[in-house]
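Asker: model the following, please.
(chains A and B)
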Amino acid sequence: MNRKVPLAVCFIFGVVMFIQYFSQHPTARFVYKSILDYWQIIFAFTLILGIISFVNNNISQIKRGNNTFYRIVAISGFLIMPVVALGWGIKTGSPFMWMFENVQAPMQSTVFALLAFFVASASYRGFRARSIPATILLLSALIILLSRSNIGGIFSDYLPNIADWIRNYPSMSARRAILIGIGLGSLTTSLRVIIGIERTWLGKD
Amino acid sequence: MDIGTLIAGVLTLAILSFLYRDNPFYKFAESLLIGVSIGYILVITFNNTLMALLFEPLFKESDLWLIIPLLLGLLMWGRFHKKTAFLSRISIAVMIGSGAGVAIPAMLKERTLKQMSNTVVSLVNASGMPDFTGIIVILGVISYFYFSREQKGALGKIAKVGTYFLMIFFGTTFGYTVMSRMSTFIGRMEFLLSDFLKLIH
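Answerer: Predicted coordinates:
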């Protein structure tokens, strides 16, 4: 029963959403829009579930004395945002947005920028022209990197054109093939889920 | 210098300090980022989703259909207890089932038929000459991912061609990824050197 009901619900919603695609009837449009809203609402409840779990986990670690200071910082950071939002709202210029612009956004973009170094160091270690495919990978990456930086102009004025050609023709064809593969894979997986062959999402009992 | 720029600058330096090695400044900034990000997404989700899509239409406009997602959302919270955890499967079933139902026609149209159509259209190039490069590459790449037969003979050869073009695609994607990260890094450096340290104007 614990598994049969979810499987039946999955089948019904899958079939309904599949059929509504072919109809322009107002009821079909209403069903489509409603279920899209349902997704967002369920996601919001799931997010709260995750946040409560985050807080519980941190509190239990604090009680055990495991990285207490950093966990207090994380919980304080988490609490301050709803508090300032409740107190002064979330409009432009509010303390909530100030926190976003001066605390969250700079740190987020710096973490993102840090990846440049890790990707570069990983490629330095990993990129070796040991075989034909590895050499092709190295060359195409090198051409793109050089064409998108000022140093590229020193080597050749044609470099940006070559990079554009690589992106628009050979790379685009391979991308298309991958997209076709993804499409076919998603199609079969979706069918398996609706029919009930694929049940891993149910988890263990 | 205003207090916002000062805080943003100090936190940026704290994150960048990880390039040296893991240290208390980085750990502090990392923990703060995690907390603030979770708080931010909670507020935005509550405001834009729960209030706008659920509570206001349900309680102000008496849209009773919304009791369904409210119940489904509450079922997710069954996970708080082991005995009621199975209830969350119903909400997950709605998400997975409807997602799969939407994905079938969407994937078929956008990812498969549209890409195939673009491949066939490009069989004749801009100057009206036949051009089979696109279709050879696509057949090659797809053959590479075809595991139902051993890749030898004609299949092996075309799969090998596919591998070469896959490498070009990976190389191109890698190059663009590095450059996008680099431009973000340059942006952070510009902020540090001009707004925070006032070394450049």
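
Asker: quick one: the helices in chain B, in order.
Answerer: B:3-16, B:24-45, B:67-76, B:88-106, B:114-121, B:133-144, B:153-190 (DSSP state H).

Asker: highest mean neighbour count out of those?
Answerer: Scoring those by mean neighbour count under mean count of other Cβ atoms under 10 Å in any protein chain shown gives helix B:88-106 as the most buried, with a mean of 22. Every residue, glycine included, has its C-beta placed from N, CA and C.

Asker: low-confidence stretches in chain B?
Answerer: B:122-133 (pLDDT under 70).

Asker: my read: residue B:135 touches residue B:119, true?
Answerer: Yes. Under the criterion of Cβ atoms under 8 Å, residue B:135 makes contact with residue B:119 at 5.7 Å.

Asker: scan chain A for its longest helix.
Answerer: When chain A is parsed with DSSP H, its longest helix is helix A:26-63.

Asker: report the angle between the helix or strand that that helix is followed by and helix B:24-45.
Answerer: Remark: after helix A:26-63, the chain's next helix or strand is helix A:68-88, criterion DSSP states H and E. With axes from the mean of the first three to the mean of the last three Cα atoms, to 10 degrees defining the directions, helix A:68-88 sits at 30 degrees from helix B:24-45.

Asker: so what touches helix A:68-88?
Answerer: Helix A:68-88 is contacted from outside by A:51, A:54-55, A:58-59, A:61-62, A:94-96, A:99, B:27-28, B:30-36, B:38-40, B:42-43, B:47, using Cβ atoms under 8 Å, 6 or more residues apart in numbering or on different chains.

Asker: export the helices of chain B to a markdown table and tack on distance to residue A:153?
Answerer: As requested, the helices of chain B are exported to a markdown table (distance: least, Cβ to Cβ, whole Å):
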| stretch | distance to residue A:153 |
| --- | --- |
| helix B:3-16 | 29 |
| helix B:24-45 | 37 |
| helix B:67-76 | 55 |
| helix B:88-106 | 43 |
| helix B:114-121 | 33 |
| helix B:133-144 | 29 |
| helix B:153-190 | 15 |
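
Asker: spell out for me which residue occupies the centre of chain A.
Answerer: The structure's chain A has its C-alpha centroid closest to residue A:112; by Cα atoms, centre = their mean the separation is 13.6 Å.

Asker: returning to what we had before: let's have the helices of chain B in a markdown table, adding distance to chain A.
Answerer: Below are those laid out as a markdown table (distance: least, Cβ to the nearest Cβ, whole Å):
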| stretch | distance to chain A |
| --- | --- |
| helix B:3-16 | 4 |
| helix B:24-45 | 3 |
| helix B:67-76 | 3 |
| helix B:88-106 | 3 |
| helix B:114-121 | 5 |
| helix B:133-144 | 3 |
| helix B:153-190 | 3 |
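
Asker: tell me which of those lies nearest to residue A:6.
Answerer: helix B:88-106 (3.9 Å; Cβ to Cβ).

Asker: right, and the residue nearest to the centre of chain A touches residue B:181 too?
Answerer: Yes. Contact criterion Cβ under 8 Å: residue A:112 and residue B:181 qualify, at 6.7 Å.

Asker: nearest spatial neighbour of residue 7, skipping sequence neighbours?
Answerer: Chain wasn't specified; assuming chain A. Residue nearest to residue A:7 in three dimensions, not counting chain neighbours: residue A:196, with 4.9 Å by Cβ to Cβ, 6 or more residues apart in numbering or on different chains.

Asker: hm, I was asking about chain B
Answerer: residue A:102 (5.3 Å).

Asker: for the one you found, what are its contacts?
Answerer: B:4-5, B:7-8.

Asker: kindly report the same for residue B:49.
Answerer: Neighbours of residue B:49 in contact, by Cβ under 8 Å, 6+ apart: A:40-41, A:43-44.
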